[in-house]
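> Turn this into a structure:
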Amino acid sequence: MSESVRESIQEPPSLFEHVQELAQAHGQPFNTLVSFDDFAIYYLLATEIARIAADDCANDHCLMVDSQTARQVDAVDNARAKAASVHVFGAVSSAWSGLDNVTVCGGVPQTDGRDLFLVLISPGLSLALVCKQGNGSFRGLWTGQRSQVTAIAQHLLSAHGVTPVGPLASLLTRGGSERTSLDAVMRLTAMLSRQLTLRQRDMATDRDELFSVLEILKAISTERRAHDILYVFVEQIAKAVHMDRCSVVRVWDRADKGLVLASHEDESVTELPIDLSKYPEIQRAIETRSKVVINDAQHDPLTRGFAEDLVRARVNAILVVPLVLFEQSVGTLLLRAARGDTAFSLREISFCEIVAGAAANALERAHLFESIQEANERLERLAVTDGLTGLYNHRFLRQRLEDEFERARRYSLPLSCMMLDVDNFKKVNDTYGHLKGDSVLRQIAKRTVESVRKSDVVARYGGEELFVIMPQTGLKGAKAQAERVRKKIAHHPFAGLPEDAEVTVSVGVSVFDPERTLDCEALIRAADGALYRSKARGKNLVTVGEP
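Numbers count the residues shown, from 1 in each chain. The predicted structure follows:
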């Protein structure tokens, strides 16, 4: 494509750019343009200009407006109804077509829809509002100086080949009073100032809320356990957003009960049951899978049936925000907040939703961590546990006995061991079967654990033999514990066997002697020898072995 052809199809500058060029070329009086960078401000200024036209002009004003502004700013229609003439650039709505005071000027070819504008001219008033939008950016200008407004209006008309006639032509060719324009400019300036002040206030509030979110994220990210995360979550969110009550509730699918997992009022609350029939807001949140906001609990249809209870509890506003919905492993988790004075604002609700999302991610990580931790603990238990009896296995017994022996030898502490064997166990298996034999062995293991101290270590030594390590226990204590175990087994019937079935154990006891016991193997040999002598003496006996 040749350079001349490219120049011939180049688009002329937009209205916004033309106004900027005028300002640069003329200096005064075009240096009084006021700029802004927000469509919301454009909408407010356009609304105010339209109200000024409708209220302060005596049906002698003319308007020039793009079709988008005419559609989106409702107040423009009132200004149009009282205007002497209106020039609309772009397609007009059906309500405006065919009106005597409306002139349709077609599209805005040189702007390709990028310009928005509203121009007001009357004998005593002149205001122009122009902005450019596109590619994610927005820039706007407005002025109340008559020479600027006139130049903008003339550019719009000439760019579209429109010759002004009637009231508009008269207004563009004669001067006008600046006093009324000054009053209007003061109104628009005050409005713009208020909006900027509100924006700064919102920015400060956003900064504070962002700081609060970061503080909550930092607090919950340091916790590993799910309950700790939930408590820190409700504690911090109640601090950031004033709440009289703040808790996390878990509900399993189709359950009529819920569990309060954490409450900022009491750190000890972990699984406090509640009746969901008294909490319709929680049921609604689960049904709709979305937040529930009740700002007048006494008159809201959802909670009207519980109005008296809520009054007694000093609750007027309730907010429920889902954290985790219908997760099979944890159920449904919901944040429930309540307070008795003011309603929840949109900002507060959004804040809670943002933090709830962060808490859900932290909970997911905590759940994964706890699952891995539980799996590791389960594997560790399996590695040291006997599969049949649930007692410690032989490998763990050896390691623990070596540790206790070294501790007793180093600090001159007492240490005793007990080895017991089921008497005539082959007869039990032959008479009642191996499954019954396994059941008997499990019951003997359980009775042994119940008969000794928590500090003692009970392990399956092999076959039908059990071994007990008794730290800090001398000869007298060891004999007493061995007798207690023997009687517990011999004097009580066994489940699955006839009541007259006799099941006993023989027990051998060994005691650590600092002078004569050289290693932990000596303790095992002494207990095993004593057990053998109990068998030889008639069984169902306790015998103490020599070091």
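
> alpha carbons only for contacts and neighbour counts from here, please
OK.

> for this protein, where's the lowest mean pLDDT among helices and strands?
When each helix and strand of the chain is scored by mean pLDDT, DSSP states H and E, helix 3-8 comes last, with a mean of 40.

> What's the separation between the most centrally placed residue in the chain and P123?
By CA atoms, centre = their mean, the chain has its centre lying nearest to A356, at 2.1 Å. Using CA to CA, to the nearest Å, we find A356 at a distance of 58 Å from P123.

> what does A58 give?
10 Å.

> Among these two, which residue is more densely surrounded?
Set A58 next to P123 and count neighbours by other CA atoms under 10 Å: P123 wins out with 20 against 14.

> Point me to the helix or strand that includes A285.
Per DSSP states H and E, A285 falls inside helix 280-288.

> elements contacting the helix or strand following that helix?
Counting by DSSP H and E, the next helix or strand C-terminal to helix 280-288 is strand 292-294. Helices and strands touching strand 292-294, by 3 or more CA pairs under 8 Å, 6 or more residues apart in numbering; DSSP states H and E, are helix 280-288, strand 317-327.

> could you redo the last one with a cut-off of 10 Å?
helix 280-288, strand 317-327, strand 331-339, helix 346-384 (3 or more CA pairs under 10 Å, 6 or more residues apart in numbering; DSSP states H and E).

> And the ones you listed, which one averages the lowest pLDDT?
Confidence, taken as mean pLDDT, is least for helix 346-384 of these (a mean of 69).

> Using CSV, write out every CA atom in the very next helix or strand once past that one.
Beyond helix 346-384 on the C-terminal side, the first helix or strand identified by DSSP H and E is helix 394-411. Output in CSV follows, covering the C-alpha atoms of helix 394-411 (Å, rounded to 0.1, in the frame of the first residue of the first chain):
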residue,chain,number,x,y,z
HIS,A,394,9.6,-58.7,68.5
ARG,A,395,11.8,-56.1,66.6
PHE,A,396,10.4,-53.2,68.6
LEU,A,397,10.8,-55.2,71.8
ARG,A,398,14.5,-55.8,71.3
GLN,A,399,15.2,-52.1,70.6
ARG,A,400,13.2,-50.9,73.6
LEU,A,401,14.7,-53.5,75.9
GLU,A,402,18.2,-52.3,74.9
ASP,A,403,17.3,-48.7,75.6
GLU,A,404,15.8,-49.5,79.0
PHE,A,405,18.8,-51.7,79.9
GLU,A,406,21.3,-49.0,79.1
ARG,A,407,19.2,-46.5,81.1
ALA,A,408,19.0,-48.8,84.1
ARG,A,409,22.8,-49.6,84.0
ARG,A,410,23.8,-45.9,83.6
TYR,A,411,21.6,-44.4,86.3
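
> which residues are in contact with helix 394-411?
383-386, 391, 412-417, 457-462, 466-472, 512-515, 517-521, 523-524 (CA atoms under 10 Å, 6 or more residues apart in numbering).

> Now for S534: which residues touch it?
For S534, the contacting residues are L420, D421, V505, S506, V507, G508, D528, N540, L541, V542, T543, V544, by CA under 10 Å, 6+ apart.

> That one sits in which helix or strand?
Following DSSP H and E, the helix or strand that holds S534 is helix 520-536.

> Tell me the buried residues in that helix?
Residues 520, 522-524, 526-535 are the ones in helix 520-536 that count as buried (16 or more other CA atoms under 10 Å).

> quick one, it and helix 394-411 angle?
In terms of direction (axes from the mean of the first three to the mean of the last three CA atoms, to 10 degrees), helix 520-536 departs from helix 394-411 by 110 degrees.

> can you pull out the strands in the stretch 151-300 of the chain?
Taking DSSP state E, counting those that start in this stretch, the strands of the stretch 151-300 of the chain run over residues 245-251, 257-263, 272-275, 292-294.

> quick one on the thing from earlier: buried subset of the contacts of helix 394-411, written for ChimeraX?
For the buried members of the contacts of helix 394-411, the matching ChimeraX selection, counting by 16+ other CA under 10 Å, is:
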select :384,385,386,391,413,414,415,416,417,457,458,459,460,461,466,467,468,469,470,471,472,512,513,514,517,520,523,524
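
> Ends of stretch 153-164, what's the gap?
10 Å.

> Please tell me how far that stretch is from the chain's geometric centre.
Distance of stretch 153-164 from its chain centroid, counting by CA atoms, centre = their mean, to the nearest Å, is 57 Å.

> now do stretch 309-329
Taking the mean of its C-alpha atoms, stretch 309-329 sits 15 Å from the chain's own mean (CA atoms, centre = their mean).

> Going by neighbour count, which residues in it are buried?
The neighbour-count check on stretch 309-329 (16+ other CA under 10 Å) flags L310, V315, N316, A317, I318, L319, V320, V321, P322, L323, V324, L325 as buried.

> Hmm, the fourth one is touching E281, no?
Translated: A317. No. Taking contacts as CA atoms under 10 Å, A317 lies outside contact range of E281: 11.2 Å.

> Tell me which residues touch the residue nearest to T342 when sequence neighbours are not counted, please.
Ranked by CA to CA, 6 or more residues apart in numbering and with sequence neighbours excluded, the top spatial neighbour of T342 is A317, at 7.1 Å. When contacts are counted by CA under 10 Å, 6+ apart, A317 touches 243, 293-298, 310, 337-344.

> One more: A480?
Per CA under 10 Å, 6+ apart, neighbours of A480: R486, V542.

> Which strand or helix spans it?
Assigned by DSSP H and E, A480 falls in helix 475-490.

> before we move on, what about A459?
A459 is part of strand 457-462, with elements assigned from DSSP H and E.

> for K132, same thing?
Per DSSP H and E: K132 is located in strand 125-134.

> what pLDDT, on average, does that strand get?
For strand 125-134, mean pLDDT rounds to 85.

> from the chain's centre, how far out does that strand sit?
Worked out by CA atoms, centre = their mean, strand 125-134 lies 43 Å from the chain centre.

> gap between R407 and P514?
12 Å.

> And V544, by the same measure?
V544 is 17 Å from P514, by CA to CA.

> and if you look at L198?
Separation of L198 from P514 (CA to CA) stands at 84 Å.

> How about R146?
112 Å.

> same deal with L63?
Look at L63 and P514: by CA to CA, they are 111 Å apart.

> do the same with V542
Noted for V542: a distance of 23 Å to P514, by CA to CA.

> Low-confidence ranges, the stretch 201-350 of the chain, go.
202-226, 254, 325-330 (pLDDT under 70).

> Could you do the stretch 51-200 of the chain as well?
Scanning the stretch 51-200 of the chain for pLDDT under 70 picks out 106-114, 136, 175-180, 200.

> now the helices for it?
67-72, 75-81, 146-159, 166-173, 179-221 (DSSP state H, counting those that start in this stretch).

> In the third one, which residues are buried?
What that stands for is helix 146-159. Across helix 146-159, burial judged by 16+ other CA under 10 Å covers R146, Q148, V149, T150, I152, A153, L156, L157.
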